[in-house]
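[1] turn this into a model:
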Amino acid sequence: MTASNRWLWLAGLFFLGWLVYLLTPILSPFLVGILLAYLGDPLVDRLERWKLSRTWGVVLVFVLFSLVLLIGLLVLVPMLGKQLVRLYQLTPQMLDWLQNAALPWVQAKAGLPEGFWRFDRLKAALSGHLDKTTDLLGVVVAQATASSLALLGWLGNLLLIPVVSFYLLRDWDLMMARLRGLLPRRQEGLVVRLMGECHEVLGAFLRGQMLVMLALAVIYSVGLMAIGLELGLLIGVLAGLASIVPYMGFVVGIGAAIAAALFQFGGEALYPLIGVGAVFMVGQLLEGMLLTPMLVGDRIGLHPVAVIFAILAGGQLFGFTGVLLALPVAAVIMVLLRHVHDLYKLSELYGESPSGSEEPPTPA
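    Numbering: from 1, shown residues only. So this is what the prediction gives:
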């Protein structure tokens with residue numbers, strides 16, 4: 001690649017980033033549509049292999065997605081809503097328990113001085129805020145309807161997602177073929193190979209890791225509710241979502257579950273605490289021995305720190321659109337870095353230095 005071509009590519013990448021930044025307010029429904037089309041394409045391809053037309057395959061996949069969404073709205077969302085309201089109601093009691101039981105115990109065991117926590121100020125601030133927000137739903141509705149144009153724009157974007165997803169999913173293979181046809185002929189093999197690696201990483205992460213997160217959320221929620229934990233569903237779902245980063249779901253979930261069990265049952269009740277530990281140990285064993293090897297494998301190649309940084313950086317730069325773009329961009333960057341690493345290992349720069357350029361031996 002000549003110097004002029006390099007500058008042309010750099011200018012094109014800079015222009016693309018600038019364009020994404022300008023179009024951030026309208027990109028969200030299209031990015032969500034692309035994500036849904038990407039996730040649903042393997043199912044449609046399988047239906048095509050069963051001698052079903054592409055359009056009817058897309059319709060069946062859309063019906064399946066719609067049923068899953070409907071079940072979530074009718075069953076899961078009301079249950080989570082009740083637990084969120086219950087958490088809101090229990091917050092003052094939790095603050096009292098922290099002040100009068102939990103933190104004094106930690107203070108005594110750690111030998112901390114009196115007044116170390118300064119908890120009265122925090123409690124006063126939180127209690128005052130809770131007293132002002134007596135109607136959570138009313139506050140949310142008031143904020144959402146503060147601007148009628150903003151509300152209409154939000155509803156329009158929401159309705160645009162299934163339309164974009166349907167047409168992208170129907171024409172997915174055709175678009176991929178046309179994009180391949182636009183590639184420079186001499187670099188087609190290399191670009192196709194790199195994109196194949198990106199597809200493998202993204203497919204393993206988006207499909208596999210999301211299924212792992214869903215399975216862990218079900219395991220944790222069912223287990224915690226079985227031992228009688230009042231906020232078991234909420235904590236289980238939170239732990240499952242946090243499992244997008246390995247081990248974070250376990251740490252967040254078991255910490256929140258132990259705190260909730262101590263608050264609900266008291267420190268003298270050992271069986272609920274043993275039950276919490278057993279639930280999360282079973283979840284970790286199933287994840288490590290069954291779920292991750294079967295659904296994800298070892299193809300991701302995204303370090304947990306890289307996942308955290310990509311999500312935070314995308315949200316900081318481009319908001320919700322950046323969060324949607326973070327993991328795909330991180331996967332592409334990781335694949336390109338592997339390729340650059342291989343090229344570096346084959347370059348003269350990495351090779352052994354000539355005998356004439358070796359450093360002289362140090363005198364004895």
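
[2] buried ones in the helix or strand harbouring residue 262?
    Per DSSP states H and E, residue 262 falls inside helix 248-265. Within helix 248-265, the residues that qualify as buried are 248-250, 252-254, 256-263, 265, counting by 16 or more other C-beta atoms under 10 Å. C-beta here means a position set from N, CA and C on the backbone, and glycine is covered the same way.

[3] closest one of the residues you listed to residue 165?
    residue 249 (27.8 Å; C-beta to C-beta).

[4] and that closest one, what is it in contact with?
    Contacts for residue 249 (C-beta atoms under 8 Å, 6 or more residues apart in numbering) come out as 213, 216, 239-243.

[5] now the closest residue to it other than its chain neighbours: how far from residue 261?
    Counting by C-beta to C-beta, 6 or more residues apart in numbering, residue 243 is the residue found nearest to residue 249 once chain neighbours are left out, at 3.1 Å. Distance, residue 243 to residue 261, using C-beta to C-beta, to the nearest Å: 20 Å.

[6] again with residue 83
    Taken as C-beta to C-beta, the span from residue 83 to residue 261 is 15 Å.

[7] just residue 237 next, same as before
    17 Å.

[8] kindly report the same for residue 189.
    57 Å.

[9] related to what we said a few turns ago, next, the angle helix 248-265 makes with the helix or strand following the helix holding residue 262.
    Counting by DSSP H and E, the next helix or strand C-terminal to helix 248-265 is helix 270-286. For helix 270-286 against helix 248-265, the angle by axes from the mean of the first three to the mean of the last three C-alpha atoms, to 10 degrees is 170 degrees.

[10] per-domain residue ranges of the chain.
    With domains defined by the TED database, the chain comprises 25-182, 195-296, 300-347.

[11] quick one: closest of the ones you listed to residue 6.
    Closest among those, using C-beta to C-beta: domain 300-347, at 14.4 Å.

[12] report all helices and strands that the host helix or strand of residue 176 contacts.
    In the assignment (DSSP H and E), residue 176 maps to helix 172-181. Helices and strands touching helix 172-181, by 3 or more C-beta pairs under 8 Å, 6 or more residues apart in numbering; DSSP states H and E, are helix 24-49.

[13] show me which residues of the helix it packs on are buried.
    Those would be 24, 27-41, 43-44, 47, for helix 24-49 by 16+ other C-beta under 10 Å.

[14] and the contacts of residue 249 as TSV, adding neighbour count and pLDDT?
    Conversion of the contacts of residue 249 to TSV gives the following (neighbours: other C-beta atoms under 10 Å; pLDDT from 0 to 100):
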residue	neighbour count	pLDDT
213	20	89
216	26	92
239	29	93
240	22	91
241	16	89
242	19	87
243	26	85
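
[15] redo those as CSV? Include secondary structure and distance to residue 205.
    Formatted as CSV, these follow (DSSP: H, G, I helix; E, B strand; the rest coil; distance: C-beta to C-beta, whole Å):
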residue, secondary structure, distance to residue 205
213, helix, 11
216, helix, 15
239, helix, 19
240, helix, 16
241, helix, 15
242, helix, 16
243, coil, 12
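
[16] state the distance from the closest residue to residue 62 other than its chain neighbours to residue 172.
    Nearest non-adjacent residue to residue 62, counting by C-beta to C-beta, 6+ apart: residue 166, 6.4 Å away. Taking C-beta to C-beta as the measure, residue 166 falls 11 Å from residue 172.

[17] tell me the helix or strand right after the worst-scoring helix or strand of the chain on mean pLDDT.
    Least confident element among the helices and strands of the chain, by mean pLDDT, DSSP states H and E: helix 136-144 (a mean of 52). Later in the chain than helix 136-144, the nearest helix or strand by DSSP H and E is helix 148-170.

[18] starting at the chain centroid, how far to that following helix?
    On the basis of C-alpha atoms, centre = their mean, to the nearest Å, helix 148-170 is displaced by 22 Å from the centre of the chain it belongs to.

[19] restricting to C-alpha, output it in PDB.
    Below are the C-alpha coordinates for helix 148-170, written out as PDB (Å, rounded to 0.1, in the frame of the first residue of the first chain):
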ATOM      1  CA  SER A 148     -44.100  15.600  23.300                       C
ATOM      2  CA  LEU A 149     -41.700  15.700  20.400                       C
ATOM      3  CA  ALA A 150     -39.100  13.700  22.300                       C
ATOM      4  CA  LEU A 151     -41.800  11.100  23.300                       C
ATOM      5  CA  LEU A 152     -43.000  10.800  19.700                       C
ATOM      6  CA  GLY A 153     -39.300  10.400  18.500                       C
ATOM      7  CA  TRP A 154     -38.700   7.700  21.100                       C
ATOM      8  CA  LEU A 155     -41.900   5.800  20.100                       C
ATOM      9  CA  GLY A 156     -41.000   6.200  16.400                       C
ATOM     10  CA  ASN A 157     -37.500   4.700  17.000                       C
ATOM     11  CA  LEU A 158     -39.100   1.800  18.900                       C
ATOM     12  CA  LEU A 159     -41.500   1.100  16.100                       C
ATOM     13  CA  LEU A 160     -38.700   1.400  13.500                       C
ATOM     14  CA  ILE A 161     -36.700  -1.400  15.100                       C
ATOM     15  CA  PRO A 162     -38.900  -4.400  13.800                       C
ATOM     16  CA  VAL A 163     -39.200  -2.800  10.400                       C
ATOM     17  CA  VAL A 164     -35.500  -2.400  10.000                       C
ATOM     18  CA  SER A 165     -34.800  -5.900  11.400                       C
ATOM     19  CA  PHE A 166     -37.300  -7.600   9.000                       C
ATOM     20  CA  TYR A 167     -35.800  -6.100   5.800                       C
ATOM     21  CA  LEU A 168     -32.200  -6.500   6.900                       C
ATOM     22  CA  LEU A 169     -32.800 -10.200   7.900                       C
ATOM     23  CA  ARG A 170     -34.600 -10.900   4.700                       C
END
